[in-house]
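**Student:** Take this sequence and fold it.
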Amino acid sequence: MKLKRPAALLLLALILSNGQAAAVRWDDILRQPAAWYAGGEARAVAASILQYQTKEGGWPKNKDMTAPPTAAFLADTKFDHRAPTIDNEATTTQLRYLALVITAHDDPELRAAFARGFDYLLAAQYPNGGWPQYFPLVKGYYTHITYNDDAMANVLTLLRDAARGRAPYAFVDTARRAQAAAAVERGIACILRTQVRQDGRLTAWCAQHDETTLAPAPARKFEPAALSGNETVGLVRFLMGIESPAPEVIAAIEGAVAWLRAVTLHGLRYEEFTAADGRPDRRTVADPAAPEVWARFYELGTNRPLFTGRDQVIRYDYNAIERERRTGYHYLGDWPARLLAKDYPRWQAKHKLP
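**Tutor:** Predicted coordinates for the structure are as follows:
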């Protein structure tokens with residue numbers, strides 16, 4: 001997207017000259033003091049972000065946007081390099097950032113870009129309330145309802161905050177707030193419908209669910225259809241943010257929390273180490289004193305932790321998968337720890353639940 005306003009172009013040239021990134025790291029752009037977003041550097045980053053915005057209104061993923069796009073980036077036609085997505089916090093990060101800058105220093109060009117991105121999120125939602133990983137749709141597992149890496153939870157949280165007029169979204173117009181509120185209600189309905197039942201009990205969610213049948217669905221070769229000890233946490237946190245939860249929402253949260261407690265792995269230390277060949281590696285070791293840990297994937301029906309590498313062979317021993325995947329993917333983690341220890345008890349107390 002070309003910048004049309006001379007002031008924005010001048011600012012970009014002064015602060016982001018020669019394609020250099022801003023002093024603030026991309027990973028930290030949402031964590032700056034409020035006053036920073038009114039300054040020149042913040043507005044220059046916003047001008048850079050606008051240049052990455054696609055014609056559909058969304059943004060691509062995995063790109064440091066504190067500097068303008070290079071010629072090489074613009075020439076790359078790989079779909080996952082340039083296509084708009086909600087994966088890896090794409091689009092939601094850009095919208096949150098633009099909202100912070102607009103709130104600190106209103107700008108009609110930034111407002112227009114924000115509105116296009118906001119409308120992109122609304123347009124991408126399926127009628128059943130879910131969101132695909134990419135929109136426009138890309139064939140493959142990308143069309144599935146995507147809970148992976150909190151993609152849908154991030155979208156719903158942004159839309160809910162905007163619908164409520166919470167900072168930094170007070171500038172969002174009434175019509176878009178109403179659309180966002182309706183989208184959130186559809187999203188909640190989708191979450192409730194996709195929660196997996198086992199023996200009649202509500203349990204967890206998978207990282208992906210089929211967009212038509214809502215059944216658990218696989219993604220990449222090492223991401224089988226399985227209950228998730230990671231994505232379930234993000235969905236529970238979103239549901240706990242509902243101000244007046246209906247009985248079915250409360251049941252969903254209680255069921256997921258009970259499941260997370262039941263599948264906690266005890267006595268297993270998950271560690272990094274240097275292998276005999278001098279290369280970094282990860283492993284699990286029996287250790288009664290180890291902190292609690294959870295698996296990324298649990299087998300449907302049995303709740304056994306499962307691990308699979310690029311060969312797609314299901315294994316129940318983390319150490320049996322190839323090193324490339326052991327070191328390149330998080331199959332184990334402490335994702336639910338804070339939720340169970342702090343967030344859930346606070347939610348119970350807030351709603352006066354036993």
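
**Student:** what about residue 177, distance to residue 345?
**Tutor:** According to CB to CB, to the nearest Å, residue 177 and residue 345 sit 32 Å apart. In this view, the C-beta of every residue, glycine as well, is placed from N, C-alpha and C.

**Student:** repeat for residue 225
**Tutor:** 32 Å.

**Student:** For the stretch 1-150 of the chain, give me the ranges with low pLDDT.
**Tutor:** 1-22 (pLDDT under 70).

**Student:** that's a strand at residue 184, yeah?
**Tutor:** No. Counting by DSSP: H, G, I helix; E, B strand; the rest coil, residue 184 is not part of a strand but helix.

**Student:** tell me the domain ranges of this structure?
**Tutor:** Annotated domains of the chain cover 1-194, 195-354 [automatic domain parsing].

**Student:** about what we covered before: please say which of residue 177 and residue 345 ends up with more neighbours.
**Tutor:** Shown here are residue 177 and residue 345; by other CB atoms under 10 Å, residue 177 has more neighbours (16 against 11).

**Student:** That one: which element?
**Tutor:** Using DSSP states H and E, residue 177 maps to helix 174-194.

**Student:** quick one: contacts of that helix?
**Tutor:** 115, 118-119, 121-122, 125-131, 145, 152, 155-156, 159-160, 162-163, 165, 172, 205-206, 209, 214, 235, 238-239, 242, 248-249, 252 (CB atoms under 8 Å, 6 or more residues apart in numbering).

**Student:** Just the ones of those in strands?
**Tutor:** Using DSSP state E, the subset of the contacts of helix 174-194 located in strands is 145, 209.

**Student:** Return the residues in contact with the spatially closest residue to residue 315 that is not a sequence neighbour.
**Tutor:** The shortest distance from residue 315 to any non-neighbouring residue, by CB to CB, 6 or more residues apart in numbering, is to residue 307 (5.0 Å). Shown in contact with residue 307 (CB under 8 Å, 6+ apart): 295, 297, 314, 315, 316, 317, 318, 320, 321, 331.

**Student:** Please indicate which of the residues you listed are buried?
**Tutor:** The neighbour-count test (16 or more other CB atoms under 10 Å) marks 295, 297, 318, 321, 331 as buried among the contacts of residue 307.

**Student:** Could you work out the most separated pair of those residues?
**Tutor:** 295 and 321 (12.4 Å; CB to CB).

**Student:** Which neighbours do the two have in common?
**Tutor:** 307, 331.

**Student:** Going by contacts, tell me the helices and strands next to the helix or strand encompassing residue 269.
**Tutor:** Here residue 269 sits within strand 268-274, counting by DSSP H and E. Of the remaining helices and strands, those touching strand 268-274 by 3 or more CB pairs under 8 Å, 6 or more residues apart in numbering; DSSP states H and E are strand 280-286, strand 332-333.
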